[in-house]
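Enquirer: Pasting the sequence and the predicted model now:
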Amino acid sequence: MSRKSIYLILSVLTTLAVISSILFGAVEISLDVMLSAFSKLFHDADSMTLTERIFLEIRLPRAILTAIVGGSLAVGGVLMQGLFLNPIVEPGLVGTSSGAAFGAALYFTLGTTLNINAGEWTLPIAACMGGILATFLVFFLAENKRHRKTSTIALLLIGIAINALFLSGVGFLSYIARDPQARSITFWNLGTLSGANWHSVILVGLSCLICTGFGFRYAKQLNALMLGEQEAGNLGVNIKTLKIKVLLVNVILVSIATAFTGVIAFIGLVVPHLLRIIKGSDTRYLLTGSLLMGALILSIADILARLILAPAELPIGIVTTIVGVPVFIYILRKNEYYF
């Protein structure tokens, strides 16, 4: 199967998944309602029904944000696995996700006490700053000051340690928080798309577009890196600069996505594996395929999260983990990565 055929199939499936995500939920929305809402939007917005407003103000931005976040996390997985030359690396391994979780927990616990308030942006800003801080700390501690270079293995190991540190910080804040705050921390750490709006769609969409563009810019260098750091250096790749740039792109991409949705596991880990099984390891192919497949898988997970316990909503991180764990184990056993 050619790459164009794969892209076409994924595009069609992703479009169907996004439309299904809009149609199904606690309130079912028909295609007639969607068309009616669009026709009234520019001519007679005041006459919209409640269902039409739910579609335009809640269901549509949520469906779009879900697709963008899924693509963002999958692209982050491609970049990090390519940089570390390791198929079990996920976007948050260098502290980005745990740092974002710590920033969010800090806001939930101390935001009111410290009178920190930036409106609807307060939580995303806190989470994004936490993700950036954790990733910077990993890179700073992993740098060899004597030789002025950063080892990939050091980044990996320091990342694991910083992840553990920030997650323990989240646990401590959950322990000292009052019950409503503790519940907010727990729910956010399990992932939620319930707060989607058009502002988050625009910001996460711009982040995804720009960072994926930079990912394509570094694709050839990441392909060369698959030959090994020494061989890539012989081909003219500045390894240290590449690591800094790719980590920076990843932290922006994942921090902004995580800031609006909480921690969503396994998308960035599983999607690149599935694409490699289908058609190889070219980074350019993986980036394009990951945008589409990440959007597809997270959209399906969002539908399940809303329907399994309807009208209640299951945290989407639970769904991605329940589905992602057996899929990932199957991939590992099939390809014998662990031997």
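Expert: That came through fine.
Enquirer: Could you list the low-pLDDT ranges of the protein?
Expert: 111-120, 144-151, 335-339 (pLDDT under 70).
Enquirer: quick one: the residue nearest in space to the middle of it from Gly130, how far?
Expert: Note on the chain: the residue nearest the mean C-alpha position is Leu73, at 2.9 Å, using C-alpha atoms, centre = their mean. Leu73 sits 17 Å away from Gly130, going by C-beta to C-beta, to the nearest Å. No exception for glycine: its C-beta is placed from N, CA and C like everyone else's.
Enquirer: now do Ala265
Expert: Using C-beta to C-beta, Ala265 is found at 17 Å from Gly130.
Enquirer: So which of these two has more stuff around it?
Expert: A count of neighbours by other C-beta atoms under 10 Å puts Gly130 above the other of Ala265 and Gly130, at 29 against 20.
Enquirer: Settle this for me: that one is touching Gly95, isn't it.
Expert: No: with contacts counted by C-beta atoms under 8 Å, Gly130 stays clear of Gly95, the gap being 9.2 Å.
Enquirer: what is in contact with those two at once?
Expert: The overlap between the contact sets of Gly130 and Gly95 (C-beta atoms under 8 Å, 6 or more residues apart in numbering) consists of Phe166.
Enquirer: How many residues are close by Ala26?
Expert: 11.
Enquirer: how much space is there between it and Leu193?
Expert: Here the criterion is C-beta to C-beta. By it, Ala26 lies 14 Å from Leu193.
Enquirer: Next: Ile185.
Expert: According to C-beta to C-beta, Ile185 stands 17 Å off from Leu193.
Enquirer: Just the terminal-to-terminal distance for stretch 109-127.
Expert: In terms of C-alpha to C-alpha, to the nearest Å, the two terminal residues of stretch 109-127 are separated by 13 Å.
Enquirer: ok, now stretch 19-36?
Expert: OK, stretch 19-36 end separation, C-alpha to C-alpha: 16 Å.
Enquirer: Going forward, the N-terminal residue is numbered 159.
Expert: OK, 159 is where the count begins now, so the last one is stretch 177-194.
Enquirer: Which residues outside it are in contact with it?
Expert: With C-beta under 8 Å, 6+ apart as the test, stretch 177-194 has contacts from 207, 209-210, 212-213, 217-218, 220-221, 224, 457, 460-461, 464-465, 468-469.
Enquirer: Go again with 10 Å.
Expert: 195, 205-210, 212-214, 216-218, 220-222, 224-225, 351, 456-461, 463-465, 468-471 (C-beta atoms under 10 Å, 6 or more residues apart in numbering).
Enquirer: Let's see the ChimeraX selection covering just the buried ones among those residues.
Expert: A single ChimeraX command selects the buried members of the contacts of stretch 177-194 (16 or more other C-beta atoms under 10 Å):
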select :195,206,209,210,212,213,214,216,217,218,220,221,222,224,225,351,456,457,458,459,460,461,463,464,471
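Enquirer: Give me the subset of the contacts of stretch 177-194 lying in helices.
Expert: 195, 208-210, 212, 218, 220-222, 224-225, 456-461, 463-465 (DSSP state H).
Enquirer: Verify the contact between Asn244 and Leu314 for me.
Expert: Yes: the pair Asn244 / Leu314 is scored as a contact, 7.1 Å apart, by C-beta atoms under 10 Å.
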